[in-house]
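Participant: kindly generate the corresponding structure for this input.
(chains A, B and C)
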Amino acid sequence: MNTILVRKKWIPYLWLLPSIVLMSVFVVFPILIVFRLAFSEISRAGVVGGFTGLDNFVAAVQDKAFGTVMGNTAIWVVSVVGLSTVLGFIVAMALNTEFFGRKIVRSIVIFPWATSLVIQASVWNYIIKYEYGNLNNVLLNLGIIKTAVNWRLTYQIEFAWECGIGIFVTIPFVTFCVLSGLQSIDAAYYEAATVDGAGFWKKLRHITLPLVRPSLTVSTVLNIIYVFNSFPIVYTITKGAPANKTDTMVTLLYMRAFYDQQKGPATAMSVIGFVILCIAAGAYMMLSMRKEEDL
Amino acid sequence: MRKIVAMLLVVMMALSCAAFVSAEDTITLDVIICQYGPKTEDWFLGTGMDGTNFVAKFEAENPGIKLNLDVVSWNDVYTEVSTRISNNKAPDILNIDVFANYAAEGLLLPVKEYCSEELFNDFFPSFIAQSVIDDTVWAVPDLASARALYYNIDLLKEAGVEKVPATWAELEDACQAIIDFYGGEVYPWGIDMTTDEGQAAFSYYVWNNDGGFVDADGNIAVNSEKNVEAIEFAIGLYNKGYTNPNPATQTRYDLQDMFGAGKLAMVIAPNQLPDYLAQKGYEGINFATAALPVNEGANPGATGVMDRVMAFKDDSLSAEEDAARKEAIGKFLTFFYAPENYVGWVSMEGFLPAVNSSVAALVEANPSFEAWLKVLDSCQFYPTSLDNWDAIKMGVINVEQNALTGGDVKTLLDELQATLVK
Amino acid sequence: MKMLSPDRLEKNKRTGRILSLCALAMTVILLCLPVFEAATAVYTKKSPNTFKGDEKYTAVKAEVEEAIKDYEEFGDVQLKEDVTLRDKSDGTQSSMITFTASTKGHFSGWQLIQSGVPAGKLLLLLLILACVSAALAFTKGVRLHGIAVAAGILALLLVPVFSMTITRFFTRTIGTVLSGAREADITRELQGADGLLYGGKGGDKIRQLLGSMDFSCTAWLWALLIPGFMLICGAVVSLNAKLSEALGRGALYAFVISLCVLILYPYYVMFITGLRSAAETNDMYFLNMLPVQWMWSNYGDIVRRNVLKYLGNSLILSAGATLISLLCGIPAAYAMARMKFRGKKAFLGFVIMSQMFAPVVLLVGISRLMIGLNLNDSVVGLMLINAAFNQAFAIWLLRGTFVSISSEMEQAACIDGCSIVGSLIRVLLPMAAPGIVTTLIFVFINSWNEYTISTVLISTPGKRPITVGITQFSSFNMIEWHYLFASALLATIPVVILFLFIEKHLVAGLTSGGVKG
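Facilitator: Take a look at the predicted model:
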């Protein structure tokens, strides 16, 4: 094993100390405050009162929009994480083949990741505007469409756009995680498989997929967390309108906390989200890491 | 590289430490101002006030008072204020639209405690009356705007609409005529039911149908028969295809842009619309204003909107410090409303004034102000002195948006009423 | 590539030639068909508040009939009357009468080529390419066959381009010419259209004639794709290559190119919109794809509104956050990778758990903490927050990197008398450079892009990072799209440059970090 022996038992903890202190103070402490708030009465203006037990949680679950928004959140997380993983995988496969200009393409693929979500969301918001958006401008001027198209006809379509933009900005991360996995695969495996007469799909199933799985697992867990907590896309494009029908959990609780002045239920909602996330990410990790080497 | 970054870090730390060591005998006021337009920040902090800015000018004239003034966009201001309140770090002076929830929880200072008698008497009494709860004035108005119907003269004329619609029935006729003539190229009527200002849409219809947010006794009554009729009418306009296509996400500014581009024939907008169109460079639009259309037999109701300035309590201070703080807040207000400062600000933002002393100068600069001030006299304002006003506001917006997607107006309003009076 | 047998090769060549010839013949036939249809509403008059037969109706009808006389020499003019009846609210009825006079004409591809409109030139080019491709299929050289394939592909690609040009010309260009937006190009383009539609007879009247043009190509146009495809197949077959391989390669390029177009599109929008004038950003008639006037002064304006200062703030903030994150993360990752101790798993769980709250949710908590630490409204506080929120990622990546490097060298160094710290700094860190660079970039980008916490934490305008700074362009009263996107582009450039520099390290760093999960 790649370990170094240390004589005193407390030494490893000393090495962890800076990190633990940093996270405890700046992440765990705010989390504890949020947990405490979830069980406290908070006035409309934001004044924190006494302990109220589960009142906030009851109010959060009874929120009229809660059901819709949970459904939206599920669609949002599953579609964005799922599709961006599949598409990111395909892009990575393409970028792993030799072709003219590959270096440039690889650099370009990173762009969406390197751009702030707030900015990406504003740009796409402008692009899909019906009355003066750039998509209509380009398509009309290229002669592809004859009259302007309302790209956000219904809220379902708007929500689909939001998911699409979510996928768009998530693909680079997946691509590069998979790409790093692909690069570490020994070419000898493929040569051996070719000699044995294995086709493209066979190689994909029996060599590529198993070997990039570890990278995929990690990128997926992180993506589940990031996508669940993602805020700017929905907030910039629809703000949840009409009537919370395009909200996800994070945007709903933001609106509840800061626009509807229901901070108690909003905080409770965030704790519920935290629990869901813990279960989802934990379960995913358990399932996909079961077979792998222990830490 | 690493060394440089490390050095930078040390310097940053040193600087931030230095910031905490400031002289003790000055009073620092935390002020939050909302960003009304692209020039707001420049006027308060940059060079927009004849080469200088508000803060510099104020500090020069009032030695011993420092302003920690932040211009916050309307998108973020609620977040920022409520976060600060939750952490007992409320600003000293706040400029925002709502005040009742802060007042109800005892966070505000009564205006009388810091505002000079002279300045207090300068405010329009009808405006001050909007900020009263239990006979105490909790905030002062900083500006107002009145809404009117703007219509594109050429578009209406060409489509054969000879009379500017004054009633709802005439409005529907006009909309149909415009649809027939332009075949969808021009939207007849603009509706904004977004979270930005959907409550305004609510008021445009219910107030012109003898309805309202509250009944005659001031109790919440959002589900009155008149209200249901009014909102069903508004939703009907959308369902018949008379309006802009996405009322739930198209804000009033989107509508104003469409109006400027000649894509929208009629829109309800505030008095600063002409300024807005000029700033955005829309040319050749021939428009005029009229009163909002009213339901047959109902009394007309103009909509006015007003924002406020208020001061927060600070219980941690000794009596002496507290007096000094109130005096500083008073100086801030006196300075802000002094005609030489206030006139420039109001005309820059294109709003209507809240104090008498500036009216003469403003009317001289822009004669159209006079007509608007008259409109303002007859305006109804939102019931902002109800401490759950923001719940009412978000509630009616929610109802409108639900109705846009097919919900039944009566059921929705009944539900809302039930949650509001719980 | 496997060589085919000689007679198989000969057969291939024959098939290829036949295919090419057929394709050429089909193209020529298609061009002779009258596949293009032009319907012009030469005159439209809508008369509101007019009832059939009343005084106004008679007057308008006379006016219309007078007007269409002029057009009759250009073709068969048909006059149509539509009556729209509506019941008004006061019980009366309103009526609107629409008079439409229209002409209709069909013509073939040859006429289009002769007229000299832009689309005609493209069609000619397409034809030439098809001829070249077919001719080359008869030659012997392999290289020439390659050119034949290329020419065939180009011809194929020209079909949609041609369709686009023709719609663009007749709907957009003529439209903008008539609306007076582009007076300069008017003569040449109108002459072309005149020649095509009216054999040059339109003359001065052409503007009115084109008043409301509806131009369409029938589905036959798209049949041109078939000969194009046949050309390519012909050439490929005679090239004796495996068709599937060539197609696979083509598909790869098509995929990669469309991917790049999609990714670069938002940046194109930022760039173009950032150079428009305020009025043009909201152009509801979509007159111009490119700015009429390239407003480079927009960049001057945003600099005057402090954007550079905000960029500088962001730079300091992100650099500081990255540094703190690495300083805390490297020792932790080292301990995780190299030392055995109880509670390793617990620590890992702790790290992942710390990521599960959205910053938006934690606003109140973070704000309270910062006030308590007297770090409210300070860049240092923001640095620490960003560093803390990126610890999980940093530790995960660095641990993976360290695990993938053998510890032999360090052990040797230890025997030589180096301390653990010494061996870490002198031996391990240089070897782990790619992983460290990757981590650095991650943390940097995440801090650079952070928005929500900064809005609440920073209240002095001079300390704002760029993400918060640009919200001044989307104020309540108006969104200044041109300024917003110009500064968005400025905010993106530093990060993109950074990424371009480390692209190579990125994959390497993720490889070492990611594989071991």
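
Participant: can you say which helix or strand has C:Asn12 in it?
Facilitator: helix C:6-32 (DSSP states H and E).

Participant: show me the helices in chain A, by range?
Facilitator: For chain A, the helices defined by DSSP state H cover A:11-23, A:29-38, A:55-62, A:66-96, A:102-114, A:117-127, A:134-141, A:155-183, A:187-195, A:200-203, A:209-228, A:232-237, A:249-258, A:263-289.

Participant: which residues sit against the shortest one?
Facilitator: For helix A:200-203, contacts defined as C-beta atoms under 8 Å, 6 or more residues apart in numbering or on different chains pick out A:190, A:193-194. For the C-beta atoms, the positions are set from N, CA and C on the backbone; glycine is no exception.

Participant: can the helix or strand following the helix holding C:Asn12 be said to contact chain A?
Facilitator: Next along the chain after helix C:6-32, taking DSSP H and E as the criterion, comes strand C:36-47. No. On the criterion C-beta under 8 Å from any C-beta of the partner chain, strand C:36-47 is out of touch with chain A, staying 13.2 Å away.

Participant: in the stretch 201-350 of chain C, what residue lies closest to chain B?
Facilitator: Nearest residue of the stretch 201-350 of chain C to chain B (C-beta to the nearest C-beta) works out as C:Ala279 at 3.3 Å.

Participant: any idea how far that residue is from C:Gln472?
Facilitator: Applying C-beta to C-beta, to the nearest Å, the value for C:Ala279 to C:Gln472 is 20 Å.

Participant: over to C:Phe389?
Facilitator: Applying C-beta to C-beta to C:Phe389 and C:Gln472 gives a distance of 25 Å.

Participant: contact partners for the residue nearest to the spatial centre of chain A?
Facilitator: Residue closest to the mean C-alpha point of chain A, counted by C-alpha atoms, centre = their mean, is A:Val227 at 2.0 Å. Taking C-beta under 8 Å, 6+ apart, we find A:Val227 in contact with A:76-77, A:80-81, A:166, A:170.

Participant: neighbour count for those - can I get that in CSV?
Facilitator: Shown next, in CSV, are the contacts of A:Val227 (neighbours: other C-beta atoms under 10 Å in any protein chain shown):
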residue, neighbour count
A:Trp76, 26
A:Val77, 24
A:Val80, 27
A:Val81, 25
A:Gly166, 26
A:Thr170, 24
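
Participant: C:Gly192: which of those is nearest?
Facilitator: A:Gly166 (46.3 Å; C-beta to C-beta).

Participant: how many neighbours does the one residue in the stretch 101-250 of chain B that gets nearest to chain A have?
Facilitator: Nearest to chain A in the stretch 101-250 of chain B, going by C-beta to the nearest C-beta, is B:Ala248, at a distance of 3.8 Å. Neighbour count of B:Ala248, defined by other C-beta atoms under 10 Å in any protein chain shown: 27.

Participant: what does A:Leu182 give?
Facilitator: 19.

Participant: show me the contacts for it.
Facilitator: By C-beta under 8 Å, 6+ apart, the residues touching A:Leu182 are A:92-93, A:96, A:208, A:212.
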